[in-house]
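Colleague: here is my input, please return the structure:
(2 chains)
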Amino acid sequence: MASAEPAAPRGESSGAARLFAAPLSLLMRMIDWPMSALQRLIGERRMAYAFLLPNIVFFGLFVFLPLIINVVFSVTGGTALFPSQRPYVGGEQYAYLFDCGSFLDPNSCREDHFWRGVSNTARFTVFQVTAMVLFSLVTAVVLNMKIKARGFFRAVYFFPVLLSPVVVALTWKWILQRDGLLNAGITALGGERILFLVDPSWAMFWIVFVSVWAHMGFYTLILLAGLQAIPADLYEAAEMDATPRWRVFWRITLPLLWPNMIVVIVLALIKGVQTFDEVFVLTGGGPGTATLMVVHYIYETAFSNQVQNFGLAAAASVVLGLVLFALTLAQLAASNRKGAA
Amino acid sequence: MQGRHWISALALTAGLLASGAAFAQTTVRIAWYSDGNEGEVVTDLLKRFEAQNKDIKVVLDQVPYKAITENLPVQLASGQGPDIARVVDLGGVARYALDLRPYLKDAGYWEKNFGPFLPWMRPAGDDKAITGFMTQLTVTGPLVNKTLFEQAGIAMPGAKASWEDWAKAVKEVATKVQAPFPLAMDRSGHRFFGLAISEGAKVFDAKGEPAVIDDGFKRGAQRVLDWHKSGVMAKELWGSVSGAAYRGANDEFKNAQVVMYVSGSWQIAQFDKTVGDAFDWVAVPSPCGAAACTGMPGGAGLVAIKATKNPEAVAKVMEYLASEPVLSEFYARSLFVPGHLGIAAKGLDYKDASPQAKAALKVFSDQVASLSPVAYALQGYVNNRIIFNAVISRVGQAISGETTLDEAYKRIASDIEQQIAERNKK
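Modeller: Below you'll find the model as predicted:
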């Protein structure tokens, strides 16, 4: 009897598996004939291309084709929508973007909003990535310890990642506005109300804060996976040698976590450069242009202004694309160097 | 027996096809945004139209304002989009508009009743086309929280009061009653130009080309900047966002946080409903500057779109909506200033409006004839939104402390020049 007990669930499970596998098996049999015919026609070695084809078509249609169209737009002018109706202007849009007295002073540039966007995006990315990596690392290390309710805390830190950026930004907007929750607390404690989203320094601080709050869980998860992959015997050996904890962290944890750290840094960097939705809803690029980001500039230039300047927006997109390409190359180089070491 | 079945089946099929043809309907799509209850009103009116015209089905797509200003132009440029659209950027959309004259039963009726507004909706260089009509004529101007004045014990400035008088009064009221917004003005170039033209802005040179920066304009911009510095205006509207983003103070006004809200006649229906009897509010005539006491005319037009496949049906819907009895009912129930000369001359009975909404409508309606000709010229200018957007973007930067007004003036001039040149590239 005792041996029969576990057999029942196995039987149920294989029955359920058969139930789910039946349509799949039918489907496989249906495509078996055309695939076999194709293999006979093109040969076994070329079958790999046949399998890759659907994805290549999908990728080509939705990534490469828009990319090419974007480059074509960037060398045309006017307001017509179809490339065939747009006059060719060569590098005029790029020349307009790069017409600057000094690239460090947006006011000296003809298209100052673009350079303000570049400057804001650079500042935002530096602050955001630094804070993101630091807080994610600390959180991952703490969540890797044997603390009470560890599962609960892991879920809590990951929860904001599941929220829509618009929901995140609106929630924080209600907290930070003139009559928001934070000001209610400050005035209840006898303090002066602070217009967080109207003061340029505060606005930049809060968009970094909100971004870190919203995305930290994702990067924490990557680092946590890295921490759990570090062999426990290394820590046991260090413990037997009575190595101080900071030295264990510095000599064992950090070097072995470095591949994950690179992934986190590069992903956060790319995401930081692309940032748009949260900032757009939270501050609208203001006050003035204090939080205007490059992607927001592109959106405004292409769609929000009365003259929808697709050419200039496309040129700015190409510049942004090149920056992201350089960052990706840097990530690959860093990963390869680490792999070779 | 089998043959009889075949004959019956054929007869049934033929019958079904014939009845299908008899009930074949042409669909007309309208893209519509609303400020107040006008979406509900036009839905009612269109139901009646459909009852009278079984061959036409009208689909009313009620969309947000942003979809009209940002998505619709892209749709139209791609040859897609609705058959009719309610738009505010009349000059910008004009190039996609359908000239209805070949399809109208009585083009004279349109010339007679919508004459002054038809040029606003015509493509550049066309002085004959009839592309639509005004679903509302708007006038910009101030709405004042009368209760706050009463609570502060301060008298409201009179009919010909200047901007300075109002700024001083609203600041005193706000200080006494601790309202955070003494004066709020929509972050909109259209609203700003009411003030600037009052201060003497001419906007155009002798040839009719834009020459936006002059002494009058500078007086207006300086006034707005000074109000922000002195606390008459709070930075939350003009200084809080970037670029051409619109910001209104509807919620703040409804919550009695604003003493004077410079907006316009389209807000009346909304405030009549949302403020209710929470406090008393009034519309007051546009304050005076160095040159005039004027607001800006404007409004939303219902425009037929050139890409339509059913111009006859579109014209039929437009004729119905533009007819005097239908349009009278529409204006009256939506609490809009009429953009139809015949209806305006006869006067409208706003039956559903409260006494204070009726009074506000009268204040705005009375101003239509006295608005500055410069204001009408600017409203009719095909590239007016380029000017409006450049002004709010750059003056906004000066208000936030990023640039000076002198730098803003240079940028406004170059932005306008660059964007018009881009638009004219063929």
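Colleague: separation between the most centrally placed residue in chain B and B:Asp35?
Modeller: With distances taken as C-alpha atoms, centre = their mean, the residue of chain B nearest its centroid is B:Gly299 (3.1 Å). Relative to B:Asp35, B:Gly299 is positioned 11 Å away (C-beta to C-beta, to the nearest Å). (C-beta placed from N, C-alpha, C; glycine too.)
Colleague: equivalent analysis for A:Pro23, please.
Modeller: Counting by C-beta to C-beta, the gap from A:Pro23 to B:Asp35 is 54 Å.
Colleague: quick check: mean pLDDT of stretch B:214-224?
Modeller: Stretch B:214-224 shows a mean pLDDT of 97 in the predicted model.
Colleague: and chain A, is it touching that?
Modeller: No. Shown here: stretch B:214-224 not in contact with chain A (C-beta under 8 Å from any C-beta of the partner chain), separated by at least 14.3 Å.
Colleague: next one: stretch B:191-203
Modeller: No. Legend: contact between stretch B:191-203 and chain A by C-beta under 8 Å from any C-beta is lacking; minimum distance shown is 15.0 Å.
Colleague: now that stretch - C-alpha only, CSV.
Modeller: The C-alpha trace of stretch B:191-203 is given here as CSV (Å, rounded to 0.1, in the frame of the first residue of the first chain):
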residue,chain,number,x,y,z
ARG,B,191,-3.8,83.6,-23.2
PHE,B,192,-0.6,85.5,-23.1
PHE,B,193,-1.3,87.4,-26.2
GLY,B,194,-4.5,88.9,-24.7
LEU,B,195,-2.3,90.6,-22.2
ALA,B,196,0.5,91.4,-24.7
ILE,B,197,-1.9,93.0,-27.3
SER,B,198,-3.5,95.0,-24.5
GLU,B,199,0.0,96.3,-23.8
GLY,B,200,0.5,97.3,-27.4
ALA,B,201,2.0,94.2,-29.2
LYS,B,202,1.4,94.5,-32.9
VAL,B,203,2.6,90.9,-33.8
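Colleague: pLDDT at A:Leu227, what is it?
Modeller: We note a pLDDT of 95 for A:Leu227 in this prediction.
Colleague: show me what counts as buried in the helix or strand harbouring it.
Modeller: Assigned by DSSP states H and E, A:Leu227 falls within helix A:200-228. Using 16 or more other C-beta atoms under 10 Å in any protein chain shown as the test for burial, helix A:200-228 gives A:200, A:202-204, A:206-208, A:210-212, A:214-224, A:226-227.
Colleague: hmm, back to that, give me the more crowded residue out of A:Pro23 and B:Asp35.
Modeller: Neighbour tally, A:Pro23 and B:Asp35, criterion other C-beta atoms under 10 Å in any protein chain shown: the higher count belongs to B:Asp35, 22 against 9.
Colleague: who's in contact with that one?
Modeller: Neighbour list for B:Asp35: B:266-267, B:269-270, B:300 [criterion: C-beta atoms under 8 Å, 6 or more residues apart in numbering or on different chains].
Colleague: please name the nearest non-neighbouring residue to B:Ala360.
Modeller: Leaving out its chain neighbours, the residue that sits closest to B:Ala360 by C-beta to C-beta, 6 or more residues apart in numbering or on different chains is B:Ala283, at 3.7 Å.
Colleague: identify the bridge partners of that neighbour.
Modeller: B:Leu143 (DSSP bridges).
Colleague: burial measure for it, as a count.
Modeller: 26.
Colleague: pretty sure it contacts B:Phe271?
Modeller: No. B:Ala283 is beyond contact range of B:Phe271, at 9.7 Å (criterion: C-beta atoms under 8 Å).
Colleague: and for the two, which residues touch both?
Modeller: B:Leu143.
Colleague: B:Val262 should be in a strand, yeah?
Modeller: Yes. Membership of B:Val262 in a strand is supported by DSSP: H, G, I helix; E, B strand; the rest coil.
Colleague: just give the nearest non-adjacent residue to it, would you?
Modeller: In space, B:Val262 is closest to B:Met185, 4.0 Å off (C-beta to C-beta, 6+ apart).
Colleague: great, nothing more from me.
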